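Novice: Sequence first, then the predicted structure, then my questions.
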Amino acid sequence: MNFRIGHGYDIHRLVSGRPLVLGGVRFDTDYGLDGHSDADCLTHAICDALLGAAGLPDIGHFFPNTDPAYKNIDSQVLLTRVCGELSRRGFAISNLDATVVAEKPKIYPRLDEMKAALAKSTHLPVANIGLKATTNEGVGDLGRALAIAAHAVALIVKA
């Protein structure tokens, strides 16, 4: 069996007047992430980890922010398409592990919902998805609550 590992990272600036979506879960806030799609940085990081593990170009190659078809699109749709692309190339996802870096809102109480949404989009068991949240301890734009970032690692296998 051919195991492959990929890493993904994404960051988006927080702005007022946009919905905040992380891991496919909408948070009740008056601010959200700025971006062409729904700007779900966690899901974008996972997409890039999966694509990288398969040796494919990043999410922007498949879903460019210059294409109006992806304006405000639900990133879970993008994740499902990425999983389909991997499947067509003979890859299966073994597991995902990700960390959200945010000063606000509190992520921890919603982790189970986020894992369930990601499991639905990837067809993985919830037990195969690791998800954590941390702060940036007041350092930089992340620490001043001006942005939210996410790191993700994916293990895929090609039989």
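Specialist: Thanks, I have the structure now.

Novice: quick one: Ile46 and Leu118 touch, right?
Specialist: Yes: contact criterion CB atoms under 8 Å: Ile46 and Leu118 qualify, at 6.9 Å. All C-beta atoms are positioned from the backbone trio N, CA, C, and that covers glycine.

Novice: ok, these two, which is more surrounded?
Specialist: Legend: neighbour count by other CB atoms under 10 Å for Ile46 and Leu118, higher for Ile46 (35 against 25).

Novice: Next, name the residue at the spatial heart of this structure.
Specialist: Nearest to the mean C-alpha position of the chain, by CA atoms, centre = their mean, lies Thr43 at 1.6 Å.

Novice: for the protein, what spans make up the strands?
Specialist: Using DSSP state E, the strands found in the chain span residues 2-16, 20-22, 25-27, 31-33, 91-101, 129-134, 147-158.

Novice: Please identify the most buried of the ones you listed.
Specialist: Highest mean neighbour count of the strands of the chain: strand 20-22, a mean of 25 (counted as mean count of other CB atoms under 10 Å).

Novice: That strand: partners in the sheet, and parallel or antiparallel?
Specialist: strand 25-27 (antiparallel) (DSSP bridges).

Novice: From the chain's centroid, how far away is the strand it pairs with?
Specialist: Distance, stretch centre to chain centre, for strand 25-27: 13 Å (CA atoms, centre = their mean, to the nearest Å).

Novice: swap in stretch 22-38?
Specialist: Worked out by CA atoms, centre = their mean, stretch 22-38 lies 12 Å from the chain centre.

Novice: distance between the ends of that stretch?
Specialist: 9 Å (CA to CA, to the nearest Å).

Novice: pretty sure Ala45 is touching Ala154, no?
Specialist: No: contact criterion CB under 8 Å: Ala45 and Ala154 do not qualify, at 9.7 Å.

Novice: Give me the common contacts of the two.
Specialist: Gly8 (CB atoms under 8 Å, 6 or more residues apart in numbering).

Novice: In CSV: the strands of the chain, plus distance to Tyr70 and mean pLDDT.
Specialist: Shown next, in CSV, are the strands of the chain (distance: least, CB to CB, whole Å; pLDDT from 0 to 100):
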stretch, distance to Tyr70, mean pLDDT
strand 2-16, 15, 98
strand 20-22, 14, 98
strand 25-27, 18, 98
strand 31-33, 15, 98
strand 91-101, 22, 98
strand 129-134, 24, 98
strand 147-158, 19, 98
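
Novice: I'm done for today, thanks for sticking with me.
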